[in-house]
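Student: Dropping the sequence and predicted coords here.
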Amino acid sequence: MPRGSRRMVLLAGLWLGAFWTSRTSADDFTFHRENVMGTSLELRVAADGAEAAGWAEDRVLREIDRLSRIFSGYDEASEFRRWQAGQKKLVKVSPELFSMLSACDDWRERSGGAFDPRVELLSSLWTRAARQQRTPTSEEMAAARSLMRSPAWRLDPGSGTAIRLSDCPLSLNAIAKGYIVERACAAAMEPGRGVRGVLLNVGGDLRAAGETAATIGISAPWSDSESSVPIALIEVKGRAVATSGSSQRGFEIDGRWYSHILDPRSGLPAEGVLEATVIAPRSADADALATICNVLSPEEGRRLVESWPDAECLIIARDGRITRSKGWGRFERSGPAPAVESAPLTALAAGSPSRVADDAKARPSEAATWGQEFELVVNFEINQPERAGRGYRRPYVAIWVENKDGFPVRNLTLWVSMGGAGPFQWLPDLKRWYKADQERKQVDKKDMFITIARPTRPPGKYRAIWDGKDDNGKLVPPGEYTVYIDAAREHGTYQNLRKETVLGTKPFREELGGNVEIKSASVEYRRKAPAKASR
């Protein structure tokens, strides 16, 4: 890749439902971590050198750890959990926790109750019921709503104290991650350290800071994978972007999919919206608004976002219609996502797209191509190294497809290091892929080293979807194809998985097994979901 400007593409969250590119100098460094705040972390640093970039990564991780010890709802030792478990009396809390509780009060009032930390009670209820393959009973729902009617806490700004008023379980998940992302970016941008810009994505909450500008592609929730083409492009600098939706997490009960986003007012899963993306000056606001927009109707969500200073949104309704705020157009960019010159920083998860596809009623045809009605889904999970704790590094991965003659027709995913000497230094470690790519380029002379990828949620779990087209965008005929997964870890092992398939008019699902680097993998050949309307 030549020096000068280049594109970096990240399909992000969800459940960010987005990917991004960054245009900075040649001295860009990327870092990929799994199991950070229960999801994947992607960090790009524009810095004067590797030492400065490494310092920035360390500062980001340290600030995430520090704030997680305050806000975590899963760590019993966190300040938030200890405050909930303590006595109902005025307690001096940290400035960070006080600020977060105050912000929750503000958003609960502004949203008319669509945002409420007490929704944790409903989440626990639905989780228990789903394990028993049932929905909550009317008695359970009534008891939950009764407990949620009591105020959760009272704050005293003068003394910085908070008193818990109820035994209702609480969660800060809908706002704390955005707050942490913003503070982590600020920590990395300390003056005099040689860091010019950062682009941080943690499980759907993304922020561009400093000199770094980001182009973000919003992915369709019904076709969400490492290789999916986004439905819209936006460009931001010095702003936060958050995406929330139902495609990645939820409850499957008796064959039906229910969103994990629950309406605190009714106690029921949100249904009217599939996905919402919000742009805002502050990350915590973008995080909260993205969640709220999933609970409200698309028009109600749009109006709320437009009432917030310098905030914009794109909301995808359940029927596929797209609602944009009035000022969204100042960030939106025309044109398709880059097919090449894009490097993965990865992040969002295996979820309901397959359930959407199951509802498709299209019948197979005798057409010369299968990609008009079918798609091939490759699901895979990264193996956590032994003795690796939170924040373990991800291996390099390549996923591609060869025809029956052994010719590589489509590259789906390529993850390599972008630091130091750049990706080309590590490509030969992906031995089978590197050999196949050299053979392909002898014929078409097209450099496909860098492809689009997007991280998933939960940590370590990813998917890539083949739409039936080759690397030049042409539909391929039915027949025999082999799916390959190469994985290599720096100073570690090289592993390869392969699966021979016949793609025609018969859906199937098969397991590929696993190895040292790839814990498990599978391929699913299925009918595509129907096209969605938009406006």
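Tutor: Yep, it's here.

Student: Show residues contacting the longest helix seen in the chain.
Tutor: The single longest helix within the chain, with elements called by DSSP state H, is helix 50-71. The contact list for helix 50-71, computed with CB atoms under 8 Å, 6 or more residues apart in numbering, reads 27, 29, 31, 33, 36-37, 41, 43, 45, 47, 75, 77-80, 94, 96-97, 100, 172, 176, 179-180, 183-185, 187-188, 190, 193-195, 198, 200, 202, 391, 419-420. The C-beta positions use only the backbone N, C-alpha and C, and glycine is treated the same way.

Student: okay, now Tyr179: neighbour count?
Tutor: 24 (other CB atoms under 10 Å).

Student: That one touches Asp287, doesn't it?
Tutor: Yes - in this structure, Tyr179 is within contact of Asp287 by CB atoms under 8 Å, at 7.4 Å.

Student: Now Lys177, what are its backbone angles?
Tutor: When read as degrees, to the nearest 10, the backbone of Lys177 gives phi -60, psi -40.

Student: so how far is Val397 from it?
Tutor: In this view, Lys177 and Val397 are 25 Å apart by CB to CB, to the nearest Å.

Student: And Ser266, by the same measure?
Tutor: 42 Å.

Student: In terms of neighbours, single out the busier of the two.
Tutor: Higher neighbour count among Ser266 and Val397: Val397, with 27 against 13, using other CB under 10 Å.

Student: Name all residues that make contact with the more buried one.
Tutor: 380, 382, 413-415, 430, 485-487, 517-518.

Student: Identify those among those that sit within strands.
Tutor: 380, 382, 413-415, 485-487, 518 (DSSP state E).

Student: any chance of the residues you listed in TSV, with pLDDT and distance to Glu299 too?
Tutor: Converted to TSV, those look like this (pLDDT from 0 to 100; distance: CB to CB, whole Å):
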residue	pLDDT	distance to Glu299
Phe380	90	39
Ile382	85	40
Thr413	80	37
Leu414	73	41
Trp415	70	40
Ile485	91	44
Asp486	87	47
Ala487	86	46
Ile518	87	44
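
Student: Just the closest of those residues to Val476, please.
Tutor: Thr413 (17.9 Å; CB to CB).

Student: The closest one pairs with what?
Tutor: Using DSSP bridges, the beta-bridge partners of Thr413 come out as Ile399.

Student: ok, it to Ala487 distance?
Tutor: Taking CB to CB, one finds Thr413 at 11 Å from Ala487.

Student: do the same with Val401
Tutor: According to CB to CB, Val401 and Ala487 sit 16 Å apart.

Student: ditto for Pro151
Tutor: For Pro151, the distance to Ala487 - CB to CB - is 51 Å.

Student: Neighbour count for those two, which is higher?
Tutor: Neighbours were counted for Pro151 and for Ala487 using other CB under 10 Å; Ala487 has more, 28 against 12.

Student: close enough to count as contact, that one and Pro395?
Tutor: Yes - between Ala487 and Pro395 there is a contact under CB under 8 Å: 5.0 Å.

Student: Mutual contacts of these two, please.
Tutor: Contacts common to Ala487 and Pro395, judged by CB under 8 Å, 6+ apart, are Glu517.

Student: ok, which stretches of the stretch 101-250 of the chain are strands?
Tutor: For the stretch 101-250 of the chain, the strands defined by DSSP state E, counting those that start in this stretch occupy 153-156, 161-164, 195-202, 205-210, 213-218, 232-237, 240-245, 250-253.

Student: The ones you listed: which one's closest to Ala311?
Tutor: Ranked by CB to CB, the member of the strands of the stretch 101-250 of the chain that lies closest to Ala311 is strand 240-245, at 9.6 Å.

Student: Pull the distance from the closest one to the chain's centre.
Tutor: Centroid displacement of strand 240-245 relative to its chain, using CA atoms, centre = their mean, to the nearest Å, is 9 Å.

Student: how about low-confidence regions in this structure?
Tutor: The model of the chain has pLDDT under 70 over residues 1-26, 223-228, 335-368, 385-391, 416-459, 490-492, 530-535.

Student: and the angle from the longest helix of the chain to strand 195-202?
Tutor: 40 degrees (axes from the mean of the first three to the mean of the last three CA atoms, to 10 degrees).

Student: Report the buried residues of helix 50-71.
Tutor: Along helix 50-71, these residues count as buried under the neighbour rule (16 or more other CB atoms under 10 Å): 52-53, 55-57, 59-61, 63-64, 67-68, 70-71.

Student: before we move on, what about stretch 516-529?
Tutor: Within stretch 516-529, the residues that count as buried by 16+ other CB under 10 Å are 517-518, 520-529.

Student: okay, now Asp167: neighbour count?
Tutor: Counted with other CB under 10 Å, residues neighbouring Asp167 total 11.

Student: Quick check: the residue nearest to it when sequence neighbours are not counted vs Ser124, distance?
Tutor: Once flanking residues are discounted, Asp167 sits nearest to Leu147: 7.3 Å by CB to CB, 6 or more residues apart in numbering. Computed as CB to CB, the Leu147 to Ser124 distance reads 11 Å.

Student: swap in Leu412?
Tutor: 38 Å.

Student: neighbour count winner among those two?
Tutor: Leu412 (25 against 13).

Student: unless I'm mixing things up, that one is touching Phe380, no?
Tutor: No - counting by CB under 8 Å, Leu412 does not reach Phe380; the two are 10.6 Å apart.

Student: can you give me the helices in the stretch 151-300 of the chain?
Tutor: In the stretch 151-300 of the chain, the segments counted as helices under DSSP state H, counting those that start in this stretch are 176-188, 283-295, 298-306.

Student: Pick the most buried one from those helices.
Tutor: Across the helices of the stretch 151-300 of the chain, averaging neighbours per residue (mean count of other CB atoms under 10 Å) puts helix 283-295 on top, at a mean of 29.

Student: Extract the CA atoms of that helix and return them as CSV.
Tutor: Coordinates of each C-alpha in helix 283-295 appear next as CSV, following Å, rounded to 0.1, in the frame of the first residue of the first chain:
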residue,chain,number,x,y,z
SER,A,283,-20.6,9.6,23.3
ALA,A,284,-22.8,9.0,26.4
ASP,A,285,-25.6,11.0,24.7
ALA,A,286,-25.2,9.0,21.4
ASP,A,287,-25.3,5.8,23.4
ALA,A,288,-28.5,6.7,25.3
LEU,A,289,-30.3,8.1,22.3
ALA,A,290,-29.5,5.0,20.1
THR,A,291,-31.2,2.8,22.8
ILE,A,292,-34.1,5.2,23.2
CYS,A,293,-34.7,5.3,19.4
ASN,A,294,-35.2,1.5,19.5
VAL,A,295,-38.0,1.8,22.1
